[in-house]
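Chemist: sequence first, predicted coordinates after that:
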Amino acid sequence: MSAPRTPVTVRVPAKVNVQLAVGAARPDGFHDLANVFLAVSLFDEVTATPADTLTVTCEGPDADKVPLDRTNLAARAAEILATRAGIEPAVHLHIAKNIPVAGGMAGGSADGAAALLACDTLWGLNTPLAELLDICAELGSDVPFSLVGGAALGTGRGELLTPVGAGTFHWVFAVADGGLSTPAVFREFDRLAEAAGTEIPEPQASPALLAALASGDADALAAVLANDLQPAALSLRPQLARTLAAGVDGGALAALVSGSGPTTAFLCRDAESAEKVAAALSASGTCRATRIASSPAPGATVLPS
Ligand code: C5P
């Protein structure tokens, strides 16, 4: 198959972790996780266009916060794929950004996965999925999930995925002012654990949570949502407690910090309730913006040209 000359656009979802169980720090600095990922219907789009050299541009409300150099996971994805294929990364990558930046919703990871699929398609490489997933794991712990989407249990540092069943759920996300650094939140997790002096158990996926997720029963899922990084995120950003409370007061079934934060996630009974919770959060003045989404959402997908 010859490579298409027309630009290729890939749509890619954000994620929320409905369970994030964190183990002790490993010798390599990472933490073993039992990480139940759920893709949600907030999407970035990455368009790959043939160009002389590798360049990245970005549009969207937070575009000024997105690095456009080789630290951007989209650029790194193109470089790694090109090196493996023995070609030049001669591509322009344009990111239409809707996922909160540095928000704990895997927005950077999503762009890495989307760029990988877009370049693979543009260059006509047809790289097998297993190899694409290897490159994703090299890019970051959350990137493999961004590629596959849906719902999955991530073990290891989060990159080893097993698909799990998931019914439909409705969410509101509250976008905070500023981001939080994921390494800083993990360091705070380590500090709090050391200060508490308790042994950190092996991270395990909760059977009750997996059953609730599969059943589509929002009340059952609300009762078991769990994020071990939440105390660390709240320690670094205490004002998030007010956002969490405002969403629950506004009618959410449950609230939690999304991943390493500072975006907060609110599970709602249905789409109508989500509208009300979003309005209550906006009125509370405890967040910068709100987004309504549902789950599960498909992974990275090439859009028809
Ligand atoms: O894999 P990724 O590049 O997204 O990880 C960013 C940082 O988050 C790591 O450098 C590490 O500090 C922390 N991390 C961790 N344990 C994980 C995943 C990430 O400590 N399982």
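Modeler: Done, it's in.

Chemist: what's near enough to touch the closest residue to the ligand within the stretch 201-305 of the chain?
Modeler: Relative to the ligand, the nearest point of the stretch 201-305 of the chain is Ser260 (7.5 Å; Cβ to the nearest ligand atom). From N, CA and C alone the C-beta is placed, and that goes for glycine too. Taking Cβ atoms under 8 Å, 6 or more residues apart in numbering as the criterion, Ser260 is in contact with Gly104, Leu180, Ser181, Thr182, Val185, Phe186, Leu229, Ala232, Ala233.

Chemist: the last one falls within a helix, correct?
Modeler: Going back to what we said before, that points to Ala233. Yes. Counting by DSSP: H, G, I helix; E, B strand; the rest coil, Ala233 falls inside a helix.

Chemist: which residue, other than its chain neighbours, is closest to it?
Modeler: Among residues not flanking Ala233 along the chain, Gly261 sits closest, at 3.6 Å (Cβ to Cβ, 6 or more residues apart in numbering).

Chemist: would you agree the one you found is in contact with Ala241?
Modeler: No. Using Cβ atoms under 8 Å, Gly261 makes no contact with Ala241, being 11.5 Å away.

Chemist: these two: who's more crowded?
Modeler: Gly261 (27 against 15; other Cβ atoms under 10 Å).

Chemist: so where do the strands sit in the protein?
Modeler: With strands called from DSSP state E, the chain shows them at 8-25, 31-50, 55-59, 91-96, 151-155, 160-163, 169-175, 226-227, 254-257, 264-268, 289-295, 301-302.

Chemist: out of those, nearest to the ligand?
Modeler: Comparing the strands of the chain by Cβ to the nearest ligand atom, strand 31-50 comes nearest, at 3.8 Å.

Chemist: that closest one - contacts with which helices or strands?
Modeler: strand 8-25, strand 91-96, helix 107-122, helix 143-148, strand 151-155, strand 169-175, helix 207-215, strand 289-295 (3 or more Cβ pairs under 8 Å, 6 or more residues apart in numbering; DSSP states H and E).

Chemist: ok, how many other residues are close to the nearest residue to Gly250 once chain neighbours are set aside?
Modeler: Leaving out its chain neighbours, the residue that sits closest to Gly250 by Cβ to Cβ, 6+ apart is Ala280, at 2.6 Å. Ala280 has 20 neighbours, counted by other Cβ under 10 Å.

Chemist: one more: Glu138?
Modeler: By other Cβ under 10 Å, neighbour count at Glu138 equals 14.

Chemist: measure the residue nearest to it when sequence neighbours are not counted to the ligand for me?
Modeler: If the residues on either side of it in the chain are set aside, Glu138 comes closest to Ile80, at 6.4 Å by Cβ to Cβ, 6+ apart. As judged by Cβ to the nearest ligand atom, to the nearest Å, Ile80 and the ligand stand 14 Å apart.

Chemist: just the helices and strands packed on strand 31-50: most buried one?
Modeler: Among these, helix 107-122 has the highest mean neighbour count (mean count of other Cβ atoms under 10 Å), at a mean of 28.

Chemist: that helix versus strand 31-50: what angle between them?
Modeler: 50 degrees (axes from the mean of the first three to the mean of the last three Cα atoms, to 10 degrees).

Chemist: packing partners of helix 107-122?
Modeler: Using 3+ Cβ pairs under 8 Å, 6+ apart: helix 107-122 touches strand 8-25, strand 31-50, helix 73-85, strand 91-96, helix 129-139, helix 143-148, strand 301-302.

Chemist: could those go into TSV alongside distance to Ala289 and mean pLDDT?
Modeler: Listed next are the helices and strands packed on helix 107-122 as TSV, based on distance: least, Cβ to Cβ, whole Å; pLDDT from 0 to 100:
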stretch	distance to Ala289	mean pLDDT
strand 8-25	14	97
strand 31-50	12	98
helix 73-85	23	98
strand 91-96	17	98
helix 129-139	27	98
helix 143-148	22	98
strand 301-302	25	98
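
Chemist: so which bits of stretch 42-52 are buried?
Modeler: Leu42, Phe43, Asp44, Glu45, Val46, Thr47, Ala48, Thr49 (16 or more other Cβ atoms under 10 Å).
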